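In: Provide a 3D model corresponding to the input given below.
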Amino acid sequence: MRDPTPAVIEATPSAVGSLRAAQYVRMSTDHQKYSTANQEEVIAAYALSRNMTIMRTYADEGLSGLGIGWRDGLKALIADVETGRCDFSCILVYDVSRWGRFQDVDESAYYEFICKRAGITVHYCADEFENDGSLPSVIIKNVKRVAAADFSRQLSKKVFLGQSRMTRMGFWRGGLAAFGLRRQLITEAGEVRMQLEYGQHKYLQTDRVALVHGPEREIETVRRIFHSLVFGGRYFGEIATELNAEQIRTTRGERWSGFTVAKILSNETYTGSLIYNRSSSKLKQRRIENPREMWIRRDEAFPPVISPELFAKAQEVMRERRRRRTDQEAIDRLAALGREKGRLTTAIIDAANDMLSAESYRHRFGSLAAAYELAGYQPEPRYRHAETRARYRALLSQIAEEAGARINGLGGQAVVNPESSLICIGQGCRVSLNAARAVSNGGGRIRWQISASSNAETDLTLIARLDAFNENVVAYYLLPTPALLQSALSPVRLSNKVLRQACRFEGLDEFCRLCVGLGGVS
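Out: Next comes the predicted model:
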């Protein structure tokens with residue numbers, strides 16, 4: 001994974017002009033010609049020819065231009081313009097498509113209007129028109145906005161057709177293979193190159209990936225799960241308990257739960273069929289479930305692990321169990337389980353016998369919290385999301401105030417906003433606080449996760465890692481906020497590559513001394 005660059009950086013101009021400018025660069029994965037280096041080269045030549053000095057760079061790397069929600073560079077630019085914090089009078093962009101491929105072209109115009117209203121002009125350096133407000137420029141600019149939006153629509157269609165074609169040909173489209181299956185790399189000539197292990201990816205675009213059977217022990221485990229449900233009458237939790245008792249682990253080496261057993265039983269891939277377009281979320285829109293007639297499928301793509309008949313029987317068993325339990329019976333069983341265990345969690349529900357799964361409760365009653373309320377169960381404070389969030393906010397606010405006091409006490413300069421857990425150091429370097437919380441998977445294994453906020457508009461993030469009980473801070477991690485937000489995982493695990501490259505502090509004093517030592521560099 002590419003290491004992201006900060007969303008906002010100071011620029012060091014090679015030549016000083018009379019007009020102060022900022023540049024905005026964005027690179028997604030649609031074409032190499034749009035690398036930020038290429039954009040900056042064209043923008044620099046444009047600035048030199050117009051006697052401009054580039055004072056600041058706003059960057060979004062590896063991000064689509066379909067919206068603004070995940071583009072911290074553009075959000076920071078608009079925020080600086082609206083609040084009057086900018087030290088420039090114009091904004092330089094490579095072309096209209098780098099500003100955005102918004103599907104509603106009025107949105108693209110809206111963000112440019114915000115800049116214009118603040119007296120800041122936007123220049124499209126590689127486009128052949130002058131953005132001077134004249135009728136020809138307005139027409140050309142809107143045509144380019146429509147073309148930019150249409151490019152994404154056409155690309156989405158091409159990707160869909162390509163993925164559909166790969167499925168019909170019997171090739172795996174991407175992602176991890178299910179338990180018991182492995183990915184096999186096939187050359188363009190149809191020869192087997194190698195078997196891909198967990199975490200490995202193909203490196204040639206022309207290669208294809210096919211699914212094959214994994215270790216025999218895993219194949220037998222999959223068949224055992226289906227037979228236990230269909231012929232043994234076992235429930236998800238019972239099956240998981242038996243597998244864990246025999247020290248059988250999932251592909252990732254984790255213990256089984258009712259949820260992971262249910263995923264196996266619902267996966268039609270084990271019949272040797274590849275299915276695509278069950279659901280869709282095109283152009284960053286809300287995901288929808290598609291009707292069966294829209295599915296793209298290839299049967300007999302590889303030797304089946306189980307027969308289609310056995311899979312159909314398993315689906316019928318699960319449907320019948322859900323059907324024969326009324327809402328009231330489901331709630332009564334949930335209430336009884338809560339009284340028996342003393343508390344309720346997703347792991348407890350999925351491990352229980354003769355119960356709907358936690359996901360079924362969410363689907364049937366709207367949310368797990370709604371089902372809890374109907375069952376008369378009041379979660380303990382540490383299981384109440386609102387109270388938990390409030391507790392973490394209070395902790396981070398306390399850390400921010402303590403850090404600000406220590407920095408000022410050491411001779412530095414820090415201003416703290418305790419409500420947002422934000423520390424402003426020196427001449428404007430903004431540091432937000434976040435917590436790495438311990439999360440249990442219900443099987444005794446604990447991971448640390450960070451819920452990265454897509455609304456964060458800071459330069460750096462200081463992460464407080466909590467202990468296994470989420471009570472005390474055991475270490476701190478400092479990293480650029482865009483690196484956290486652009487991480488591939490959400491929520492982010494502490495084992496993520498981005499977190500491993502962060503600066504680690506054993507205590508808050510080390511961070512505070514670093515802030516003072518930097519002299520408040522923004």
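In: From now on I want contacts and neighbour counts done on CA atoms only, so please keep to that.
Out: Noted.
In: neighbours of Phe179, just the number please.
Out: Using other Cα atoms under 10 Å, Phe179 is surrounded by 21 other residues.
In: Excluding chain neighbours, what is closest to it?
Out: Thr251 (5.7 Å; Cα to Cα, 6 or more residues apart in numbering).
In: Correct me if wrong, but that neighbour is in a helix.
Out: No: the assignment for Thr251 is coil, going by DSSP: H, G, I helix; E, B strand; the rest coil, so no helix is present there.
In: So for it, what pLDDT did the model give?
Out: Per-residue confidence at Thr251 stands at 83 (pLDDT).
In: Check Val498 too.
Out: The predicted local confidence for Val498 comes out at a pLDDT of 62.
In: Then Val8?
Out: Reading off the model, Val8 has pLDDT 58.
In: so how far is Thr260 from the residue nearest to Phe179?
Out: When Cα to Cα, to the nearest Å is applied, the distance between Thr251 and Thr260 equals 11 Å.
In: on that earlier part again, check the contact between the residue nearest to Phe179 and Ala177; I expect there is one.
Out: No: counting by Cα atoms under 8 Å, no contact exists between Thr251 and Ala177, whose distance comes to 9.4 Å.
In: helices and strands around the lengthiest strand in the chain, which ones?
Out: Counting by DSSP state E, the longest strand found in the chain is strand 429-440. Judged by 3 or more Cα pairs under 8 Å, 6 or more residues apart in numbering; DSSP states H and E, strand 429-440 is in contact with helix 385-409, strand 422-425, strand 446-450, strand 460-466.
In: got the buried residues for the third one?
Out: When neighbours are counted by 16 or more other Cα atoms under 10 Å, the buried residues of strand 446-450 are found to be Trp448, Gln449, Ile450.
In: Each with direction, which strands does it pair with?
Out: Based on DSSP bridges, the pairing partners of strand 446-450 within the sheet are strand 429-440 (antiparallel), strand 492-493 (antiparallel).
In: Send over it as CSV, restricted to the C-alpha atoms.
Out: Taking Å, rounded to 0.1, in the frame of the first residue of the first chain, the C-alpha atoms of strand 446-450 are listed here in CSV:
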residue,chain,number,x,y,z
ILE,A,446,-8.3,-9.2,21.4
ARG,A,447,-7.5,-6.7,18.7
TRP,A,448,-7.0,-3.0,18.9
GLN,A,449,-9.1,-0.8,16.5
ILE,A,450,-9.2,2.9,15.6
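In: relative to strand 460-466, how tilted is it?
Out: Going by axes from the mean of the first three to the mean of the last three Cα atoms, to 10 degrees, strand 446-450 is angled at 160 degrees with respect to strand 460-466.
In: roughly how far out does strand 446-450 sit from the chain middle?
Out: 15 Å (Cα atoms, centre = their mean, to the nearest Å).
In: and that strand, average pLDDT?
Out: Predicted confidence along strand 446-450 averages 74 (mean pLDDT).
In: repeat for the second one
Out: Throughout strand 422-425, pLDDT has a mean value of 86.
In: In the sheet, which strands lie alongside that strand, parallel or antiparallel?
Out: Within its sheet, strand 422-425 is paired with strand 414-417 (antiparallel), strand 429-440 (antiparallel), according to DSSP bridges.
In: what's the first one in contact with?
Out: Outside strand 414-417, the residues within contact range by Cα atoms under 8 Å, 6 or more residues apart in numbering are Ala400, Glu401, Gly404, Ala405, Ile407, Asn408, Leu422, Ile423, Cys424, Ile425, Gly426.
In: Enumerate the positions of it that are buried.
Out: If you call a residue buried by 16+ other Cα under 10 Å, then strand 414-417 has these buried ones: Ala414, Val415, Val416.
In: swap in the last one?
Out: Residues of strand 429-440 classed as buried: Cys429, Arg430, Val431, Ser432, Leu433, Asn434, Ala435, Ala436, Arg437, Ala438 (neighbour count, 16+ other Cα under 10 Å).
In: coming back round to it: which of the contacts of strand 414-417 sits closest to Ala21?
Out: Top of the list for closeness to Ala21, among those and by Cα to Cα, is Gly426 at 23.4 Å.
In: so where is the protein shaky, pLDDT-wise?
Out: Within the chain, the stretches falling below the threshold (pLDDT under 70) are 1-17, 29-34, 62-63, 281-287, 379-388, 440-446, 452-457, 485-501, 518-522.
In: Many thanks, we can stop here.
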